[in-house]
Structure formats: structure tokens, C-alpha cells
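[1] Quick one, fold the following:
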Amino acid sequence: MSYPQQGQGQQYQQQGGHAPVPAQQQAPAAAGAGYNMKRRNPAGAWLGLPMITFGIYGLVWFFKVHTELHQYDRRIDDAATNALLSMLFGGITLGIWPLIMWVKLGGRIAEAQRAAGLQPSCSGGMGFLLGIFGFGVLYYQLQLNKVIDRYGDTPAGQQVSLAA
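    Here you go, the predicted model:
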């Protein structure tokens, strides 16, 4: 009985420091699916709930949006804890850290729009400018709702396919 020599017969792929594994035995990458995000009322997230909770909901919203973006598309880094800490302890950096996280959120939302097969329309710069005047959450939630609306009546937490 002869075995195929290297470069003949089966193709092998190297996996990060492990022994080569035959190519046809590897599981397919699940980069094309994620979990749908929760659709929120933009006016409620922007003005209603933060006023009722004395601003606490703003922190909750910021954390949840980052978590849901990562669950929607695993290629978007999980920055939920970093985002919350930036808001809580951002004064140490004179507000620079929260500002960076706020602008990066616009980029993450644009990545989610691209993954949904939409033309990215969210801009961190626009979010920053509107945030100066108090409309940043409204803008970002409207942009997030575009991604959620792409999947119709699919409930939050339901697995959805990614276009890109």
C-alpha cells in the first residue's frame, strides 16, 4: 500500500502551529452568519429613556450597541467593555478616550451596513458633529435601524446571513 507523498493526492493546510490537516476534513468557516440586532426607537434611545433614567440608559445603550454589533458580525471587534469603561473613566484622559470610542462606533456601524449588503452611509465624523449638538445617538440609532430593517421581521437574536 502506498501513501501519497507531499504535494500529491490530498492537499494539506497548516493550522497555526498544529500538524497539517487534510483540506477536505476542515469545517467551513462561519463568517457568513450572525445574530440580528434589536430594533430600537431612535427618539426613545436619544431622548426619552436617557431623560427618565437620568442618563444611565445612555451608558446601557452604548454598551448594548457594541455587544450587538459584535454578535451580528464577528469580524467587528468586541469593544463593549472598552466602550463602557471609556464613558465611566474618560475624564482621566480629558475626554479623549470616549471621543475616540464614539467616532469608532460610526466605523463599526458602517462595517455592519456593508455586511448587510447595504451601501455604508454611517460616518464617525458625522456622528461626532451631531454628537456635539446632542443628536449623535439619534443619528447612530437611525443608521443601525437600516441594518436591522434589511432583514424585515426577523426577531432580535435570530441568526441571519451576512451579504459581505
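
[2] going forward, measure contacts and count neighbours with C-alpha atoms only.
    Noted.

[3] Flag the shaky bits of this protein, pLDDT-wise.
    1-31 (pLDDT under 70).

[4] Next, name the residue at the spatial heart of it.
    Nearest to the mean C-alpha position of the chain, by CA atoms, centre = their mean, lies L69 at 2.4 Å.

[5] ok, it touching I109?
    Yes. Counting by CA atoms under 8 Å, I109 is a contact partner of L69 at 7.4 Å.

[6] In stretch 66-86, which residues are buried?
    For stretch 66-86, burial by neighbour count (16 or more other CA atoms under 10 Å) applies to 66-74, 76, 78-80, 83-84, 86.

[7] which among those gets closest to Q143?
    Q143 has its nearest neighbour among those in L69, at 12.3 Å by CA to CA.

[8] what's near enough to touch that closest one?
    37, 76, 78, 108-109, 112 (CA atoms under 8 Å, 6 or more residues apart in numbering).

[9] State the helix or strand in which it lies.
    In the assignment (DSSP states H and E), L69 maps to helix 56-72.

[10] Work out the gap between that helix and the centre of the chain.
    Centroid displacement of helix 56-72 relative to its chain, using CA atoms, centre = their mean, to the nearest Å, is 9 Å.

[11] helix or strand right after it?
    The helix or strand immediately downstream of helix 56-72 is helix 80-89, counting by DSSP H and E.

[12] Tell me what angle that next one forms with helix 56-72.
    160 degrees (axes from the mean of the first three to the mean of the last three CA atoms, to 10 degrees).
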